[in-house]
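Asker: Could you work out the structure for the sequence below:
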Amino acid sequence: MALSMTQFTHDPTYAPFLTAAVGADETGAKVSVLSMLARLDIDPWVEAAKLAHLQDAPARQRLEGLLTRFTDVPTLASDQGRVALEILALLPSHAPAARPVAKPGSDPLTIPPAGAPIYWIIATVLVLGWIASLAQGN
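Answerer: Modelled structure (predicted):
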């Protein structure tokens, strides 16, 4: 099984979507999207990411299909369309923000992009310092 980022951390931008209520189950307990997806044996963060990257109509169709499969909330059968629209509105925007492209070598002091393995940079600096210390005879 391939490891994904969702196995190590959860994207907080999906929290409003995942904590939204889809209704109350037979016991009267409110059921969230996260709980619904977990009860359907679907990774909630993976599904939220998939829905966020779909266009509106396919995302609504996919979510309505999940709501149809979920039978723990009796009143959901008649309200699927409305519930789907309300909770889909809580997902982050579909389009990622555009990032300006820098010309190579245009600025030598640029900050590494987010997610760069900063630990390798730190390790390299420490090794170079150790080598310089050995060269001086310390």
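
Asker: List the residues that contact L66.
Answerer: With contact set as Cβ atoms under 8 Å, 6 or more residues apart in numbering, L66 has these partners: M36, L37, L40, I42, E47. C-betas here are computed from N, CA, C, even on glycine.

Asker: count of neighbours near the first one?
Answerer: Read it as M36. Neighbour count for M36, taken as other Cβ atoms under 10 Å: 26.

Asker: Mind telling me what element it is part of?
Answerer: According to DSSP states H and E, M36 maps onto helix 33-39.

Asker: Distance from the longest helix anywhere in the chain to the middle of the chain?
Answerer: Counting residues, the longest helix found in the chain (DSSP state H) is helix 118-135. Offset of helix 118-135 from its chain centre (Cα atoms, centre = their mean, to the nearest Å): 35 Å.

Asker: which residues in this structure form strands?
Answerer: 21-24, 30-32 (DSSP state E).

Asker: so where is this protein shaky, pLDDT-wise?
Answerer: By pLDDT under 70, the low-scoring segments of the chain are 1-9, 93-116, 118-120, 138.

Asker: Do a quick rundown of the helices in it.
Answerer: Counting by DSSP H, the helices of the chain are 15-18, 33-39, 44-52, 56-69, 76-88, 118-135.

Asker: E26: which of those helices is closest?
Answerer: Nearest to E26, of all the helices of the chain, is helix 76-88, at 11.8 Å by Cβ to Cβ.

Asker: Can you tell me which helices and strands the closest one packs against?
Answerer: If you count contacts as 3 or more Cβ pairs under 8 Å, 6 or more residues apart in numbering; DSSP states H and E, helix 76-88 packs onto strand 21-24, helix 56-69.

Asker: List the buried residues for it?
Answerer: Buried residues in helix 76-88, counted by 16 or more other Cβ atoms under 10 Å: L76, Q80, V83, A84, I87, L88.

Asker: could I get that helix in PDB with only the CA atoms?
Answerer: Extracted in PDB, the C-alpha atoms of helix 76-88 (Å, rounded to 0.1, in the frame of the first residue of the first chain):
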ATOM      1  CA  LEU A  76     -31.500  12.500   4.300                       C
ATOM      2  CA  ALA A  77     -33.200  10.500   1.600                       C
ATOM      3  CA  SER A  78     -35.600  13.400   0.800                       C
ATOM      4  CA  ASP A  79     -33.000  16.200   1.300                       C
ATOM      5  CA  GLN A  80     -29.900  15.000  -0.500                       C
ATOM      6  CA  GLY A  81     -29.800  17.800  -3.100                       C
ATOM      7  CA  ARG A  82     -30.000  20.600  -0.600                       C
ATOM      8  CA  VAL A  83     -27.600  19.000   1.900                       C
ATOM      9  CA  ALA A  84     -25.100  18.300  -0.900                       C
ATOM     10  CA  LEU A  85     -25.200  22.000  -2.100                       C
ATOM     11  CA  GLU A  86     -24.800  23.300   1.400                       C
ATOM     12  CA  ILE A  87     -21.800  21.200   2.400                       C
ATOM     13  CA  LEU A  88     -20.100  21.500  -1.000                       C
END
